[in-house]
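>>> Take this sequence and fold it.
(one chain, ligands or ions: 2)
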Amino acid sequence: MKFLLRSGKISEPSAACIDAALGWASADRGPGAHQAIAFTLPMSHHILYQSQAKPPCPPAAKVLPMARRYIRQLLDGDSLDDVFLVGDKQLRTNRQGNPYLQIELRDRSGQITGRLWNATEHLSRQFDSGDFIQARGKVQSFQGALQVILSSVTVVPSEKMDVADFLPHTEQDLSKLQEKLKQALNKVQQPNLKALVQVFLMDERFMASLAKVPAGVRNHHAYVGGLLEHIVKLLEIADRVLPLYPGLDKDLVLVGLFLHDLGKVRELTFDRSFSYTDEGQLIGHMVIGVEMLNEKMREVEQLVGEKFPDELAWRLKHVILAHHGSHEYGSPKLPMTPEAMAVHCLDNLDAKLHSLLRDIREDRGSTSAWTPYNQALQRKLYKGGVSTNAEDAPLED
Ligand SMILES: [Fe+2]
Ligand SMILES: [Fe+2]
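Numbers count the residues shown, from 1 in each chain. Ligands and ions are numbered 1, 2, ... in the order given. Okay, here's the model as predicted:
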């Protein structure tokens, strides 16, 4: 399909002729073009650890419960005996100098910290982030948050598991989000930006990744489909806010919101757990995004038969590079155009409000008036009610 479009000779870069060419291409792909990515999970299976004075566990395959309790349903005092995806895992030392294992247990409803006392380095090496373990233990409230004191962990063979049951997932319908995205971007009028949007929308691999990638590993929209949900929300906010600022280049803001985080499809990996790729660690999503934008601008040039306007390219790249708003948060450039400032502020609004509302919603089972400490926001959040524990008071920086 790309070959046909690239070889097409369209001399006038009019919106109508681009629509005609791309409409034909889009129809040719047919429905269901954006399919889910399959997960493959190679793994081994053996018993890992049993705390002292307890008999060994039976093999995990024989003890998998028929119906699981999700992390979001757990309460203080509950017993735990379920399979979880391992998020982060650290071998730490307590105040007495004894090693213990801190494991982030995940299912699709959320995550909870598990602690296994008297762990060893040998044990710690037996499994990693992205593996599945059968975890047994007791849920308890600690400093206003729930945690699990583990009595045993057992590696579970990955081929027995469906990873989709363990990764947090947007609660929204992905195909509806994709439809909303296309409808919002249909409003773009400027011919070069319109062609650019269509070239991205026609890229099946990009769109499949965009539909899956989280917006972040931890801070906000950290679930499958999170970035797409974030982008669609931003476009909905823009639809209401942009009429209040007629001086803004509306098309540039819309395309900027669509593409501000596009580099995340290469910055983050999201097959078995959410983490950074090597490219993501070394380059970061803003620079990766500009690289991807350059590639697509060349495709637009071939499609419309003329150079992508330099100033428009600079303005759009600037929106991407400046969207974190400050050097401190990784932007190499501060927002220096109204459109870049608009994208930064809207992005910040959605990211921060999502994080606050999620923390307050998910801090169930706690009697504290305050949520646990939010690392990204560097504060606890006030939920209301009365604190019953002096340790619940918000921390000062
Ligand atoms: Fe970003
Ligand atoms: Fe964002």
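>>> Report the closest residue of the stretch 51-200 of the chain relative to ligand 2.
Per Cβ to the ion, L181 is where the stretch 51-200 of the chain lies closest to ligand 2, at 14.2 Å. (Each C-beta comes from the backbone N, C-alpha and C, glycine too.)
>>> you'd agree that residue is up against V232?
Yes. Using Cβ atoms under 8 Å, L181 is in contact with V232, at 5.5 Å.
>>> now the strands for the stretch 1-150 of the chain?
47-50, 79-93, 99-107, 110-117, 132-142, 145-156 (DSSP state E, counting those that start in this stretch).
>>> Could you dump those into CSV and include mean pLDDT and distance to S275?
Formatted as CSV, the strands of the stretch 1-150 of the chain follow (pLDDT from 0 to 100; distance: least, Cβ to Cβ, whole Å):
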stretch, mean pLDDT, distance to S275
strand 47-50, 37, 22
strand 79-93, 91, 9
strand 99-107, 93, 12
strand 110-117, 92, 14
strand 132-142, 93, 16
strand 145-156, 92, 20
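>>> any idea whether L177 is helix, strand or coil?
Three-state assignment for L177 (DSSP: H, G, I helix; E, B strand; the rest coil): helix.
>>> In space, what's closest to the most centrally placed residue in the chain - neighbours in sequence excluded?
In the chain, the residue lying closest to the centroid (Cα atoms, centre = their mean) is P214, at 1.8 Å. In this structure, P214 finds its nearest non-sequential neighbour in G226, 4.0 Å apart by Cβ to Cβ, 6 or more residues apart in numbering.
>>> what sits against the residue lying closest to R272 once chain neighbours are set aside?
Of all residues not flanking R272 in the chain, G130 sits nearest, at 3.8 Å (Cβ to Cβ, 6+ apart). By Cβ atoms under 8 Å, 6 or more residues apart in numbering, the contact list for G130 reads 85-86, 272-273.
>>> can you put those residues in CSV and add neighbour count and distance to ligand 2?
Listed next are the contacts of G130 as CSV, based on neighbours: other Cβ atoms under 10 Å; distance: Cβ to the ion, whole Å:
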residue, neighbour count, distance to ligand 2
L85, 25, 25
V86, 23, 27
R272, 22, 24
S273, 20, 21
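>>> Can you list the neighbours in contact with the top helix by length along the chain?
In the chain, taking DSSP state H as the definition, the longest helix is helix 338-362. For helix 338-362, contacts defined as Cβ under 8 Å, 6+ apart pick out 72, 110, 215, 219-221, 230, 233-234, 237-238, 241-242, 245, 247-249, 252-253, 256-257, 260-261, 315, 318-319, 322-325, 335, 371-372, 374, 376-377, 381, 383.
>>> Just the buried residues of those residues.
Among those, those classed as buried by neighbour count (16 or more other Cβ atoms under 10 Å) are 110, 215, 219-221, 230, 233-234, 238, 242, 248-249, 252-253, 256-257, 260-261, 315, 318-319, 322-325, 335, 371-372, 381.
>>> Next, give phi and psi for the residue nearest to R272.
Dihedral pair for G130: phi 100, psi -10, per degrees, to the nearest 10.
>>> Please tell me how far it sits from M161.
Noted for G130: a distance of 11 Å to M161, by Cβ to Cβ, to the nearest Å.
>>> same deal with N118?
From N118 over to M161 (counting by Cβ to Cβ), the distance is 28 Å.
>>> Is L321 in contact with H327, as I believe?
No. Counting by Cβ under 8 Å, L321 sits too far from H327 to count as a contact (11.2 Å).
>>> what does this protein put close to ligand 2?
Contact residues (Cβ under 5 Å from the ion) of the chain with ligand 2: 261, 347.
>>> rerun at 8 Å
Residues of the chain found near ligand 2 (Cβ under 8 Å from the ion) are 215, 227, 230-231, 234, 260-261, 323, 347, 350-351.
>>> quick one, which of L321 and H327 is more surrounded?
Higher neighbour count among L321 and H327: L321, with 20 against 10, using other Cβ atoms under 10 Å.
>>> tell me the contacts of the closest residue to that one other than its chain neighbours?
What sits nearest to L321 in space, not counting adjacent residues and going by Cβ to Cβ, 6+ apart, is K333, at 4.8 Å. Counting by Cβ under 8 Å, 6+ apart, K333 makes contact with 318, 321-322.
>>> which one of these is nearest Q281?
Comparing the contacts of K333 against Q281 with Cβ to Cβ places L321 closest, at 18.2 Å.
>>> Check which helices and strands the helix or strand that contains that closest one sits against.
Assigning secondary structure by DSSP states H and E places L321 in helix 310-322. Applying 3 or more Cβ pairs under 8 Å, 6 or more residues apart in numbering; DSSP states H and E, we find helix 310-322 packed against helix 191-202, helix 250-259, helix 285-304, helix 338-362.
>>> Using JSON lines, lay out the ones you listed together with mean pLDDT.
Output for those, formatted as JSON lines (pLDDT from 0 to 100):
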{"stretch": "helix 191-202", "mean pLDDT": "98"}
{"stretch": "helix 250-259", "mean pLDDT": "98"}
{"stretch": "helix 285-304", "mean pLDDT": "97"}
{"stretch": "helix 338-362", "mean pLDDT": "94"}
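>>> Tell me which of these sits nearest to L101.
Among the helices and strands packed on helix 310-322, helix 338-362 comes nearest to L101, with 23.7 Å by Cβ to Cβ.
>>> tell me which residues in that closest one are buried?
Here helix 338-362 shows 339-344, 346-347, 350-351, 354-356, 358-359, 362 as buried, counting by 16+ other Cβ under 10 Å.
>>> What distance separates the opening and closing residues of stretch 332-340?
Across its full length, stretch 332-340 reaches 13 Å between end residues, using Cα to Cα, to the nearest Å.
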